[in-house]
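>>> give the three-dimensional model of this entry:
(6 chains)
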There are 4 protein chains.
Amino acid sequence: MAPRTEEQFTEIRNEKIKLIMDTALEAFAQNGYESTSISTIAKAAGISKGLMYNYFPSKVALLQRIIMEGMDVFMQFLEVKDESRIKKEELIQFIDGNLQSLKESTDYYRLYFSLIFQPKVFHLLGNDFMVIFEQLVNKFVLYFTQQGEKNPYGKARFILAIFDGVGIHYISDTEHFPLDEVRDMIVEML
Amino acid sequence: MAPRTEEQFTEIRNEKIKLIMDTALEAFAQNGYESTSISTIAKAAGISKGLMYNYFPSKVALLQRIIMEGMDVFMQFLEVKDESRIKKEELIQFIDGNLQSLKESTDYYRLYFSLIFQPKVFHLLGNDFMVIFEQLVNKFVLYFTQQGEKNPYGKARFILAIFDGVGIHYISDTEHFPLDEVRDMIVEML
Amino acid sequence: MAPRTEEQFTEIRNEKIKLIMDTALEAFAQNGYESTSISTIAKAAGISKGLMYNYFPSKVALLQRIIMEGMDVFMQFLEVKDESRIKKEELIQFIDGNLQSLKESTDYYRLYFSLIFQPKVFHLLGNDFMVIFEQLVNKFVLYFTQQGEKNPYGKARFILAIFDGVGIHYISDTEHFPLDEVRDMIVEML
Amino acid sequence: MAPRTEEQFTEIRNEKIKLIMDTALEAFAQNGYESTSISTIAKAAGISKGLMYNYFPSKVALLQRIIMEGMDVFMQFLEVKDESRIKKEELIQFIDGNLQSLKESTDYYRLYFSLIFQPKVFHLLGNDFMVIFEQLVNKFVLYFTQQGEKNPYGKARFILAIFDGVGIHYISDTEHFPLDEVRDMIVEML
DNA sequence: AATGAATGAGTCTTCATTCAT
DNA sequence: AATGAATGAAGACTCATTCAT
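Numbering: from 1, shown residues only, chains lettered A, B, ... in the order given. The predicted model follows:
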């Protein structure tokens, strides 16, 4: 057989990396980061422990990578055409995009929420959250200012808090939580 | 010399139990339950590891006790005069009571939220949560029904989700989160 | 009430000591020496841990005392009228006495046997065993020499080995082991 | 470099397992199961504590494996050609085989005897002992029935008790116990 | 790229013993 | 004579990480 090309190797690497990350995400979400061992992940992914360390320098690095890539997806819904002017439709799109990914990536959100309350672990993830979060706040402040809201900052923070609240309730009780109806209630508040 | 009286022993016990629980709550809240070792707690409390086990049969039993005693406090705000008829003032009192204890017992809420997403740990806490939560939902459903809301269940779940959202945002960013203004916005929604 | 006399105090002490020893013997026999904690014994005896140390300087001292007092009882059956001449009846009495105490003090024998194979623990008990055992051997050697047995020492050791074998089988399977029939078989061998 | 082949791994594993089991057997026999720590075994075997758990899931599992593999050896001497007819030579072979392995595997027998009297530990070993023991009893009962003995069951139990008695006496005093002469005395009883 | 044997620090937990009262 | 709170060393076990192959 002809030797594999550089691209093929890269592809294999990327596939393995994705496999490991997906497996780890599920395990972390189900049992918690601390309670999930590298062994467990390796076994579930069908690879050896050693290979894990070939792709990720440490357990926490694996976690970081997972969280960060999830953030990137999240970021997509945040983009607006005109930075100085935000339209209601864009916010609605943002909301719907998020709720959609909430439905599709429950594990990710569960992991995310389970980490957010552990300052020590959370800190390891860097301050990317802060930056993103601030951008978000700013956008909503801008929007509510445009709308003539008397307390745009307060309302912005309120809406974002509502978002997370809805997220954790949906995750904790996926079966019963009336996500679609709640979505409409949020939209009404804009 | 005569041995200590039963009361003396009881007093010693109660003091130590309180000391341990307070210390543990803080540590659990700061670093997470899994990441906090018994050693750490003992050191912080200024006692030996062994003494912990004199008062709590296990690490998880300590956690349970902490959570459950916190729940008892929480339950107070849930009481209403007439179970079949809920007044707006009562709900507002409930909200204010909760926000107040949120301000005062930040550590407790942080711990509470950090556990909710760790199914394995959470399960150990029994289903008391479920029961309390259902009672809460029912109360809000009843209230919104009285108010003639068209979707009382949806609104009830929404409000409760908002509660938790506000809680986690306040905890995560105590300094900046405009809790009092947000409180008014919640009350407006009733 | 008049103050207790010296004798009364001594009596109380002796009763407590007996209580502790009986309780400990049962526990040691049932669960093994290592697996039985001082706490367990104290609780079972209805006294405090501290009091235990009032009567016995250590756990192993308690064990030693139990074993030694049991040995004293055992020694009784060993006495013969004329040290230079041993009668068959005396040996039979010895055998019957032992089998009788085997039936009555199963716990003691169980403990005894459980210790005999742990050189480290066994050593703590001193060499009293050795002394007693040698006396026993000598007596049987003498007897079999009188009987004109061609290998008195071998036979003596054999008989004593048989004793222990019967003991452990009886203890291990009290229900089914035909102790009385076996007793006759031993006597026949004399 | 290429990873080791599966055979290489298997070989390493088997060697280590044997090393651990041999070391553990000696330690258990000398100091008793409870009194022997995993640390001690690891140190004696020249490996780390962690490695033990790579091969044995628990301390008790290690014990079980040691006992069970010893049982397999023991079982060999139990086989007879014709299950319905047992010849004296076969019994003698059984006896000699056992006495031989008693001489060679003193540690194993010491461990075995030390466990028999610790109900809690013994229970963990399952009831394989019971099954084997019953088979043994049955064989001797059959033999003595063939011989026209008036009380075959009693005699069978007696002989087996003698076996254990001889075993423990030989183990407890290997130097002086006249095993070969005693062997002849047992054979005479058949 | 891949394996899993090996390590050792760290975890929860137990328990004999001490000691103030 | 009596209590049980307090200690600390030790035990079984886990697991992230390293490394020879």
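
>>> in chain A, where is pLDDT below threshold?
When residues are selected by pLDDT under 70, those of chain A lie in A:1-4, A:121, A:124-126.

>>> show me it divided up by domain.
Domain segmentation of chain A under automatic domain parsing yields A:1-56, A:67-189.

>>> and of the ones you listed, who's closest to residue D:165?
With CB to CB, the closest approach to residue D:165 among the domains of chain A belongs to domain A:1-56: 48.9 Å. (Each C-beta comes from the backbone N, C-alpha and C, glycine too.)

>>> now the element after the helix or strand containing residue A:161, going C-ward?
When elements are assigned from DSSP states H and E, residue A:161 belongs to helix A:152-172. Counting by DSSP H and E, the next helix or strand C-terminal to helix A:152-172 is helix A:179-189.

>>> nearest spatial neighbour of residue A:17, skipping sequence neighbours?
residue A:55 (5.3 Å; CB to CB, 6 or more residues apart in numbering or on different chains).

>>> ok, back up a step: deepest of the domains of chain A, which one?
domain A:67-189 (a mean of 17; mean count of other CB atoms under 10 Å in any protein chain shown).

>>> hmm, that domain in reach of chain B?
Yes: using CB under 8 Å from any CB of the partner chain, domain A:67-189 reaches chain B at A:110-111, A:113-114, A:116-121, A:151, A:153-155, A:157-158, A:160-172, A:176-178, A:181-182, A:185.

>>> before we move on, back to that, contacting residues for the residue nearest to residue A:17?
A:13, A:16, A:17, A:20 (CB atoms under 8 Å, 6 or more residues apart in numbering or on different chains).

>>> if we go to 10 Å?
For residue A:55, the contacting residues are A:13, A:14, A:16, A:17, A:19, A:20, A:21, A:47, A:61, A:62, A:65, by CB atoms under 10 Å, 6 or more residues apart in numbering or on different chains.

>>> what helix or strand is the first one on?
Applying DSSP H and E as the criterion places residue A:13 in helix A:6-31.

>>> DNA strand E: which of the domains of chain A is closest?
domain A:1-56 (1.9 Å; CB to the nearest atom of the strand).

>>> tell me how far that closest one is from the chain's mean position?
20 Å (CA atoms, centre = their mean, to the nearest Å).

>>> hang on, the earlier thing: and the helix holding residue A:13, does that touch DNA strand F?
No: figure legend: helix A:6-31 not in contact with DNA strand F (CB under 7 Å from any atom of the strand); closest approach 9.4 Å.

>>> after that helix, next one along is what?
Remark: after helix A:6-31, the chain's next helix or strand is helix A:38-45, criterion DSSP H and E.

>>> distance of the residue lying closest to residue A:189 once chain neighbours are set aside from DNA strand F?
Nearest residue to residue A:189, sequence neighbours excluded (CB to CB, 6+ apart): residue A:159, at 6.7 Å. As judged by CB to the nearest atom of the strand, to the nearest Å, residue A:159 and DNA strand F stand 37 Å apart.

>>> now swap in residue A:45 and tell me
From residue A:45 to DNA strand F the distance is 13 Å (CB to the nearest atom of the strand).

>>> just confirm that residue contacts residue A:25, I think it does.
No: counting by CB atoms under 10 Å, residue A:45 does not reach residue A:25; the two are 11.2 Å apart.

>>> picking that back up, so which elements touch the helix holding residue A:13?
The contact analysis (3 or more CB pairs under 10 Å, 6 or more residues apart in numbering or on different chains; DSSP states H and E) places helix A:6-31 against helix A:38-45, helix A:49-55, helix A:59-76, helix A:106-116, helix B:119-124.

>>> go again using 6 Å as the cut-off
With contacts defined as 3 or more CB pairs under 6 Å, 6 or more residues apart in numbering or on different chains; DSSP states H and E, the packing partners of helix A:6-31 are helix A:38-45, helix A:59-76, helix A:106-116.

>>> so is it next to DNA strand E?
Yes: Helix A:6-31 reaches DNA strand E (CB under 7 Å from any atom of the strand) through A:9, A:12, A:13, A:16.

>>> can you tell me the closest non-neighbouring residue to the third one?
What it means is residue A:13. residue A:55 (7.3 Å).

>>> kindly report the same for the last one.
What sits nearest to residue A:16 in space, not counting adjacent residues and going by CB to CB, 6+ apart, is residue A:55, at 6.4 Å.

>>> list of residues touching the helix holding residue A:161?
A:102, A:106, A:109-110, A:113, A:137, A:140-141, A:144-145, A:149, A:177, A:179, A:182, B:161-162, B:164-166, B:168-169, B:178, B:181-182, B:185 (CB atoms under 6 Å, 6 or more residues apart in numbering or on different chains).

>>> next one: stretch A:24-37
A:41, A:62, A:66, A:107, A:110, A:111, B:34, B:35, B:118, B:120.

>>> surely the second one touches residue A:56?
Yes: taking CB atoms under 6 Å as the definition, residue A:62 is a contact partner of residue A:56 at 4.2 Å.

>>> what residues does chain A have near DNA strand F?
For chain A, the contact set with DNA strand F under CB under 7 Å from any atom of the strand comprises A:35, A:36, A:37, A:38, A:39, A:49, A:50, A:53, A:58, A:59, A:60.

>>> show me what contacts residue A:66?
A:21, A:25.
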